[in-house]
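Participant: just coords:
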């Protein structure tokens, strides 16, 4: 047993190989493999796993006749044994669902005659009104998401329709979203249809709101989605602007901010319009100096200064910041030059200076470093 490398044998076996393949490749016999599986050195497959592997490696090729015979035998068995239907076994494994209990209590209030889980052929009806020939089905989300169930429901509805039944399907998730008054109204419509008062099958009221243009879901207060609203707004004001030949004059007189207020849009929108209508964007050729700008802002404010120069108030703020940044750069350059041109480049620390001033005084400390007493006072500041 110890001679064999059971890790390699197990890997080989797990790679969709059989006992016969192991015996041929590793020179073993059945007894050694059996003892290894009992001692835990080798893990073998169970019967169901072995059957799956054989069907995978050597699939059974069945003719259309045999397939037809199997399906007919299966249908006959389910007709004779309606309790053995797979859907019914799975559906009622945990008891009756809450939606079915809910509608059962509602239907009892109206004193209607119906049967629950009435077997017809291989199918089972949730609420069957036999005299009226109406089937009321309460569906969960799997009936609308799982393609297999959707296809089986389609075949089921066709079979019931051919046999004189009408099917009403209620989607439980959509019913839950409805308001109390809408639920009450919907149930009354179902009762009227069952009693023969209404001829049309009632549908759940859709509480969602949709965009007029594209049909996307939107909030209750809206009419259009954000994309469609922006498109319509741009079209509306672009047409307004195109009809105006004096856009350049408006910008010269009022500036971008003033023109934007006139048309009810932002100043950047006016710039975009001017790009399309006017060949070149209007720019301020002679910008004022920093001193002039500060005076204008003190007197007129940012918006007034913007109107004066035909720009927005944010543009005036940017001009001021740029000029201030330029001045700070100049000041920093001057400081660097001054530090390089110092007489005493290695100044003492402040604590050392304070101690020396106490001992020698300002004049004595100045003599020590070759500077005046006022320079020592500046250093201490």
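Facilitator: Everything's here; your move. The model shown is predicted, which means the values in this text are computed figures rather than measured ones.
Participant: Run through the stretch 101-250 of the chain and note the low-pLDDT ranges.
Facilitator: For the stretch 101-250 of the chain, the stretches with pLDDT under 70 are 204-208, 220-221, 234-246.
Participant: I'd like the next helix or strand past the host helix or strand of residue 321.
Facilitator: Assigned by DSSP states H and E, residue 321 belongs to helix 313-340. Following helix 313-340 in sequence order, the next helix or strand is helix 350-369 (DSSP H and E).
Participant: tell me what that following helix is packed against?
Facilitator: Contact analysis of helix 350-369 by 3 or more C-beta pairs under 8 Å, 6 or more residues apart in numbering; DSSP states H and E lists helix 373-380 as its packing neighbours. Every residue, glycine included, has its C-beta placed from N, CA and C.
Participant: The helix it packs on - what's its average pLDDT?
Facilitator: The pLDDT scores in helix 373-380 average 84.
Participant: Distance check, residue 321 against residue 24.
Facilitator: Remark: distance between residue 321 and residue 24 (C-beta to C-beta, to the nearest Å) = 84 Å.
Participant: What segments of the stretch 201-350 of the chain are strands?
Facilitator: Here the stretch 201-350 of the chain has its strands, by DSSP state E, counting those that start in this stretch, at 209-210, 217-218.
Participant: so how far is the first one off the chain centroid?
Facilitator: This points to strand 209-210. Distance of strand 209-210 from the chain centroid (C-alpha atoms, centre = their mean, to the nearest Å) equals 19 Å.
Participant: Could you number the chain from 16 rather than 1 from now on?
Facilitator: Sure, I'll start counting at 16 from here, so that last one is strand 224-225.
Participant: Relative to it, what are the paired strands and their orientations?
Facilitator: Using DSSP bridges, the strands paired with strand 224-225 are strand 232-233 (antiparallel).
Participant: Identify the residues contacting the partner strand?
Facilitator: 223-226, 239-240 (C-beta atoms under 8 Å, 6 or more residues apart in numbering).
Participant: same thing but 7 Å
Facilitator: The contact list for strand 232-233, computed with C-beta atoms under 7 Å, 6 or more residues apart in numbering, reads 223-226, 240.
Participant: Now flag whichever of the residues you listed is closest to residue 270.
Facilitator: When the contacts of strand 232-233 are compared for distance to residue 270 (C-beta to C-beta), residue 240 comes out closest, at 33.6 Å.
Participant: neighbours around the closest residue to the closest one other than its chain neighbours, how many?
Facilitator: Nearest non-adjacent residue to residue 240, counting by C-beta to C-beta, 6 or more residues apart in numbering: residue 226, 4.2 Å away. Residue 226: 17 surrounding residues under other C-beta atoms under 10 Å.
Participant: phi, psi of residue 226?
Facilitator: When quoted as degrees, to the nearest 10, the phi and psi of residue 226 stand at phi -70, psi 140.
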